[in-house]
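J.: here is a sequence with its predicted model. Questions after.
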Amino acid sequence: MTNQIAALLVLALMSWSGTSLQAAEPPKRAEPVAVIDSPGEVLRLEVGLDEGRANYSVRRFGQPLFAPSRLGFLLRGVEKLERNLVVTGTDTRHVDETWEQPWGESRLVVNRFQELRVHFAETLKAKRVFDVVFRVYDDGFGFRYEFPKQRNMSELIIDDELTEFHLIPKATAWWIPAGEWNRYEYLYNTTPLTEVGQAHTPMTVRTDQGLHLSFHEAALVDYASMWLRRVEGQRFKAQLAPASEGWKVRRQTPFNTPWRTVTIADQAGGLVESNLILNLNEPNKLGDVSWFQPAKYVGVWWTMHLEHASWARGPKHGATTAETRRYIDFAAANGFRGVLVEGWNTGWDGNWFGDGNDFNFTQPTEDFDLEDLAAYAKSKGVHLIGHHETGGAVSHYEQQLKPALDLYARLGVDVIKTGYVADAGQIERFDRSGGPVMREWHDGQWMSNHHLRVVQEAAKRKIAINPHEPIKDTGLRRTYPNWVAREGARGMEYAAWGNPQNPPEHEVNLVFTRMLSGPMDYTPGIVSLQGRASPIPSTLARQLAYYVVIYSPIQMAADLPEHYAARPDAFQFIKDVAVDWQETRVLNGEVGDYVTIARKDRHSEQWFLGALTDEQGRVLNVPLSFLSAGQKYRAEIYADGAKAHYLDNRFDFRTEQREVTADTVISIRLAAGGGQAIRFVPVE
């Protein structure tokens, strides 16, 4: 009875005070100042102003995906560019076009988006102005800042970029740490998004509802790379790689920042099939690049990682005239276009790691006859692949860059692998001969400009570039198609000496993380399955699947010639597999677990399929509906044997042939840590 009286008293008091019995309504969201929908109305991006601060938010099929996320900059010596903003106007446009890649995962690329340009101005006396341009696709969005030339902002020294990404649905992330010593060469962490610290991009996320997102950037030119630093919860902020002077970026107006990008897909494979990053780059600036030919190559490389030979001169020197001739003969006999040779030039003796000031890029060692070998390779229809290891002494390399490229151009060397072996933050820079040495990050603004200088100078001489220990890929291969591949992750060399070695889930992770940025020179095909002191955690069939799953227009058959001679059945697929593609399909896959990819050769009617799994064995039923209807194909299958296992039965391997059509559904059995590769050849 007492409780009933108390309740009546509360009702009476609420009635007397005018208080409603209904639940309080949530605060109303401020009306956006601009809105843009994707072409298919999948995404809606809204731009807002909150007490003079700019932000953006995103909905997908009407459901909130990104909460209002901040925009702006902290600048050196002047007031930050973030408060007291007004919108002075907006412009929109629609683009629906198809363009052709000179080489790539697919020949034709559809570029279809809605663009919103928002003009911002300050209300303060400085009255600085800038635009933010948003491009919204059905499978994601990108935005960048554009600064026109203006009296009140002729130069920007950026101490911090305030760009945010505030994801709403709870999610899991696959990520590697940024700002650490080993550049991009880490195994991927799989954690709740709320446990990410500071991450490199691409960072891949899957929400609890199964939506997949990839955070990255496009068209990184004359700017510092963007890391992602978690601020709180699932709110992330752009963290720019620092410069030696202490700031992050220094630019004269007018200029544009790189695009900040989010790719979005219902299935993990949709992230791989998306061309959002490429589409946000400018078209080809080089014109006809038919002089670059996608191809496979071999090289004097794996033998050094096994410590059978050395980069340095001496009794174990690998880059000798006789050894290189052996590799040229092997390449010619087996249809490989290129032969890479590391350790050919002076400077490799002693401790060159992180100290490359002794490297001479035009002086061969006394036991390496560069002129003779270039001529011998040409007589065999083979090209030498050049190698420029800097040891991090980048200014020293730039002093020799033009004569080094001239030498290679004269000798017919049309692909160069560059290297930047030094701890992160230890790149050597000096702005004049004899000047003070400064230390830069591999992905800071100065190195962004260095890589582009190398690519542009190489293009003048019809030479393609493949950097290792690089700056990350942001799609600039569209603008400069001679930037053909790069490393930028834990590659195959960790199978030789890594502690730990790359586990089977690593390459599956790469497909849905690192590979979303562009081609990787992973150097696959180690059919011996043996590192320096321990077996490689892989089945034999898995090494073949890499050629389809891990894309590069230059693919290395990285093992030793004698090891391929011992495994002619597996080697046959490496000889047959294409490297340039008409079309790519991701048939299935989950991040870190498994993936199946089919690609059609650009120069024939053949298709190739590669499948990988992690440490768990799997059976995947795969429809072959990607094949041409009404056409019969011979499926040449390279598969794990019935008892194969990546730990204790790595060489259990089988091959078979069968006839299939587009109506066939094949069962792909993958051993633990295994894979499968298939070549589909049309049959008359």
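T.: Yep, that arrived. Numbering: from 1, shown residues only.

J.: flag every buried residue along the helix or strand containing Ser448.
T.: Assigning secondary structure by DSSP states H and E places Ser448 in helix 445-460. For helix 445-460, a neighbour-count test (16 or more other C-beta atoms under 10 Å) marks 445-448, 450-452, 454-455, 457-459 as buried. Where C-beta positions appear, they are placed from N, C-alpha and C, glycine not excepted.

J.: okay if I get these as TSV plus distance to Val298 and pLDDT?
T.: Below are those laid out as TSV (distance: C-beta to C-beta, whole Å; pLDDT from 0 to 100):
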residue	distance to Val298	pLDDT
Gln445	37	98
Trp446	35	98
Met447	30	98
Ser448	32	98
His450	29	98
His451	26	98
Leu452	29	98
Val454	24	98
Val455	25	98
Glu457	27	98
Ala458	22	98
Ala459	25	98
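
J.: what is the nearest of those residues to Thr324?
T.: Ala458 (22.2 Å; C-beta to C-beta).

J.: who's in contact with the closest one?
T.: For Ala458, the contacting residues are 405, 416, 464-465, 482, by C-beta atoms under 8 Å, 6 or more residues apart in numbering.

J.: what of Pro283?
T.: Neighbours of Pro283 in contact, by C-beta under 8 Å, 6+ apart: 99, 478-479.

J.: any quick PyMOL command for the buried ones out of these?
T.: What follows is the PyMOL syntax selecting those of the contacts of Pro283 that are buried according to 16+ other C-beta under 10 Å:
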select buried, resi 478+479
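
J.: what about Ser244, neighbour count?
T.: When neighbours are counted by other C-beta atoms under 10 Å, Ser244 registers 16.

J.: what's the answer for Gln63, then?
T.: Taking other C-beta under 10 Å as the criterion, the count of residues near Gln63 is 10.

J.: that one and Pro169, how far apart?
T.: In this structure, Gln63 lies at 9 Å from Pro169, with C-beta to C-beta, to the nearest Å as the measure.

J.: any common contacting residues for these two?
T.: Taking C-beta under 8 Å, 6+ apart as the criterion, Gln63 and Pro169 do not both touch any residue.

J.: next SSE downstream of the helix holding Ser448?
T.: Helices and strands here follow DSSP H and E; after helix 445-460, the next one along the chain is strand 464-468.

J.: relative to helix 445-460, how tilted is that next one?
T.: Regarding strand 464-468 and helix 445-460, their directions subtend 150 degrees when assessed with axes from the mean of the first three to the mean of the last three C-alpha atoms, to 10 degrees.

J.: tell me the domain boundaries of this protein?
T.: In the domain annotation for the chain, the residue ranges read 34-280, 295-578 (the TED database).

J.: so of these, which one's packed in deepest?
T.: The highest mean neighbour count among the domains of the chain, using mean count of other C-beta atoms under 10 Å, belongs to domain 295-578: a mean of 20.

J.: now the end-to-end length of that domain.
T.: With C-alpha to C-alpha, to the nearest Å as the measure, domain 295-578 spans 8 Å from end to end.

J.: please report phi then psi for Asp576.
T.: With angles defined as degrees, to the nearest 10, Asp576 sits at phi -90, psi -30.

J.: how about the contacts made by the closest residue to His200 other than its chain neighbours?
T.: Distance criterion C-beta to C-beta, 6 or more residues apart in numbering; nearest residue to His200, sequence neighbours excluded, is Ala178 at 4.3 Å. The contact partners of Ala178, taken as C-beta under 8 Å, 6+ apart, are 198-200, 227-228, 239, 241.

J.: coming back round to it: may I see the contacts of Pro283 arranged in a markdown table, with secondary structure as well?
T.: Formatted as a markdown table, the entries for these read as follows, by DSSP: H, G, I helix; E, B strand; the rest coil:
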| residue | secondary structure |
| --- | --- |
| Trp99 | strand |
| Arg478 | coil |
| Thr479 | coil |
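
J.: can you add pLDDT and distance to Ala312 and give the contacts of Pro283 back as TSV?
T.: Listed next are the contacts of Pro283 as TSV, based on pLDDT from 0 to 100; distance: C-beta to C-beta, whole Å:
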residue	pLDDT	distance to Ala312
Trp99	98	47
Arg478	98	39
Thr479	98	38
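
J.: go through the contacts of Pro283 and name the one nearest Gly675.
T.: Relative to Gly675, the closest of these is Arg478; by C-beta to C-beta it sits at 30.1 Å.

J.: show me the contacts for the nearest residue to Gly318 once chain neighbours are set aside.
T.: When the adjacent residues along the chain are set aside, Gly318 lies closest to Ala309, with 3.3 Å between them (C-beta to C-beta, 6+ apart). When contacts are counted by C-beta under 8 Å, 6+ apart, Ala309 touches 300, 303, 316-318, 323.

J.: farthest pair within the residues you listed?
T.: Val300 and Lys316, at 11.9 Å, using C-beta to C-beta across the contacts of Ala309.

J.: list phi and psi for the residue nearest to His200.
T.: Per degrees, to the nearest 10, the residue geometry at Ala178, taken as phi and psi, is phi -110, psi 150.

J.: format the buried residues of helix 445-460 as JSON lines; extra columns: distance to Ser538.
T.: Written out in JSON lines, the entries for those read as follows (distance: C-beta to C-beta, whole Å):
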{"residue": "Gln445", "distance to Ser538": "39"}
{"residue": "Trp446", "distance to Ser538": "38"}
{"residue": "Met447", "distance to Ser538": "33"}
{"residue": "Ser448", "distance to Ser538": "35"}
{"residue": "His450", "distance to Ser538": "35"}
{"residue": "His451", "distance to Ser538": "31"}
{"residue": "Leu452", "distance to Ser538": "36"}
{"residue": "Val454", "distance to Ser538": "33"}
{"residue": "Val455", "distance to Ser538": "33"}
{"residue": "Glu457", "distance to Ser538": "38"}
{"residue": "Ala458", "distance to Ser538": "34"}
{"residue": "Ala459", "distance to Ser538": "36"}
